[in-house]
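J.: return atomic coordinates for the entry below.
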Amino acid sequence: MSRKINIFNSLICIFLVLSPLIVRCQTVTPLSSSNIVMGAEQLDVLLPLLKDKKVGLVINQTSTLGNVLLLDTLVKRGVNVTAAFAPEHGVRGQADAGAKVDNEKDVKTGVPIFSIYGKNKKPSPEQLKNIDVIIFDIQDVGARFYTYISTLHYVMEAAAENSKKVIVLDRPNPNGHYVDGPILESEYTSFVGMHPIPIVHGMTIGEYAQMINGEKWLKSGVKCDLKVIKMKNYDHHTFYFLPIAPSPNLPNMKSIYLYPSLCLFEGTPYSVGRGTSAQFQLWGHPLSGIKDTTFTPESRPGATQPPLLGKKSFGKSYTSMSISELQHYGFSLQPILEAYHSFQGDSFFNSFFLKLSGTKELEEQIKAGLTVDEIKQTWQDGLNAFKKVRKKYLLYPDFE
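T.: Purely as a prediction, here's the structure:
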């Protein structure tokens, strides 16, 4: 009987990895559809807050109730949605990473859409003039350089400066089960790293919003009128499979688990698979000394001009790793160290690496030949201090 149960568990795990459902992964029982109730799904809590209000939305393709975009649901319910704000990749999530997002009108509802990516990263007073409440509902992946938390900062700041309320509809953090990486130093602040946090912060978007407010990170220490609609049945102990790709180049859970480690390659000449079907699941370069895998980036939706376009690249792939292995992979420096020590070109690091790592020290440590363990040891004091601050803002049971 025990053997039959194990086989049954394995079959269910395989099915759910391939399915588009959010699942809660537990090691001792069969996987099943999650019983998490998202913030956006609690319309009984949300709708009374929107009565007789002019509402702005900060959303993308992950902002759904079931298969329906939050915008469509609220309009159908008679909510007065006067504007939507499009972050990186746009409201529908199809724009390339770093691509310009234009102001436009939503084809289905006619709601004006304002870009808050590119030159205008912060809603302007004019754009907020016809808004009382801003709803922020975007799936984060828990890495400092994933720019939706920077968008959150600017939205909260604009709201505070213009006396608008912000409601964050909370969603799970797929990398919310650990904290790791160097702490951002203030001189390397940018849109891919705005706050003194490690690369993996281990917080939901709602918890993070509370930290932005509580730590007075908004300009001039202004405080946002903030409400977080918490999830039900969520904690930081377990793993979740997202129902929708959070951005064009994070197509599956493997890429999401590897993203914190492999994004550092974007500060080097290497490709991390943009323009292939294995984005953020491999790395390589024509001059790489490691030739475990080969790939040639090509123009694709979401990556029309990927790095090393049309160039045969050599490197390493993680596509054969199981979901279970990657859930425990964490933030690893091993890939970047392997690539650096085997690179056969002249210059490995570029200036963007400093913004991604958030510190000059990491580049210097790699060049000096320090091991992974030696480098990670230098982060521990900063991580311990961050964890104490983080604890103040947690809304759900922690992993520690």
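
J.: bridging residues for the closest residue to W283 other than its chain neighbours?
T.: Setting aside the residues directly before and after it, W283 is nearest to G315 in space (Cβ to Cβ, 6 or more residues apart in numbering), at 4.8 Å. Bear in mind the C-beta positions are built from the backbone N, C-alpha and C, glycine included. Applying DSSP bridges to G315 gives these bridge partners: G284, T293.

J.: measure G315 to R77 for me?
T.: Distance, G315 to R77, by Cβ to Cβ, to the nearest Å: 49 Å.

J.: can you pull up the most central residue in the protein?
T.: V141 (3.0 Å; Cα atoms, centre = their mean).

J.: so which helix or strand takes in V58?
T.: strand 54-59 (DSSP states H and E).

J.: ugh, wrong one, I meant T151
T.: Element membership of T151, judged by DSSP H and E, is helix 148-161.

J.: can you give the contact residues for that helix?
T.: Residues from elsewhere that reach helix 148-161, judged by Cβ atoms under 8 Å, 6 or more residues apart in numbering: 58, 85, 87-88, 116-117, 121-125, 128, 134, 136, 138-140, 164-166, 168, 191-195, 205, 208-209, 212-213, 217-219, 222-226.

J.: what comes up buried for it?
T.: Buried residues in helix 148-161, counted by 16 or more other Cβ atoms under 10 Å: 148-161.

J.: related to what we said a few turns ago, buried among the contacts of helix 148-161? Make that a PyMOL selection.
T.: Remark: buried members of the contacts of helix 148-161, expressed as a PyMOL selection using 16+ other Cβ under 10 Å:
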select buried, resi 58+85+87+88+116+117+121+122+123+128+134+136+138+139+140+164+165+166+168+192+193+194+195+205+208+209+212+213+217+218+224+226
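
J.: now, the contacts of helix 148-161 that are in strands?
T.: If you go by DSSP state E, the contacts of helix 148-161 have 58, 85, 134, 136, 165-166, 168, 225-226 in strands.

J.: now for those: which two are most distant?
T.: Within the ones in strands among the contacts of helix 148-161, two members stand farthest from each other by Cβ to Cβ: F85 and D225, at 17.4 Å.

J.: who's in contact with H328?
T.: H328 touches nothing, counting by Cβ under 8 Å, 6+ apart.

J.: just the pLDDT for it.
T.: We note a pLDDT of 93 for H328 in this prediction.

J.: where are the low-confidence patches of the stretch 51-200 of the chain?
T.: Applying pLDDT under 70 to the stretch 51-200 of the chain flags residues 89, 92-103.

J.: all helices of it, in order?
T.: 70-76, 125-128, 148-161 (DSSP state H, counting those that start in this stretch).

J.: and of these, who's closest to T359?
T.: The closest approach between T359 and any of these, judged by Cβ to Cβ, belongs to helix 148-161 at 17.8 Å.

J.: angle of that closest one against strand 165-169?
T.: Relative orientation of helix 148-161 versus strand 165-169 (axes from the mean of the first three to the mean of the last three Cα atoms, to 10 degrees): 150 degrees.

J.: now helix 148-161, how far from the centre of its chain.
T.: Between the centre of helix 148-161 and the centre of its chain there are 16 Å (Cα atoms, centre = their mean, to the nearest Å).

J.: and if you look at stretch 281-293?
T.: 25 Å.

J.: alpha carbons of that stretch, as CSV, please.
T.: Listed next in CSV are the C-alpha coordinates belonging to stretch 281-293 (Å, rounded to 0.1, in the frame of the first residue of the first chain):
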residue,chain,number,x,y,z
GLN,A,281,17.4,28.4,-17.1
LEU,A,282,20.8,28.5,-18.7
TRP,A,283,23.8,30.8,-19.4
GLY,A,284,26.4,31.0,-22.1
HIS,A,285,28.6,33.1,-24.4
PRO,A,286,30.5,32.4,-27.6
LEU,A,287,33.7,32.7,-25.6
SER,A,288,32.7,30.6,-22.7
GLY,A,289,35.1,27.8,-21.7
ILE,A,290,32.3,25.7,-20.4
LYS,A,291,30.5,23.9,-23.1
ASP,A,292,27.9,21.7,-21.3
THR,A,293,25.2,23.2,-23.5
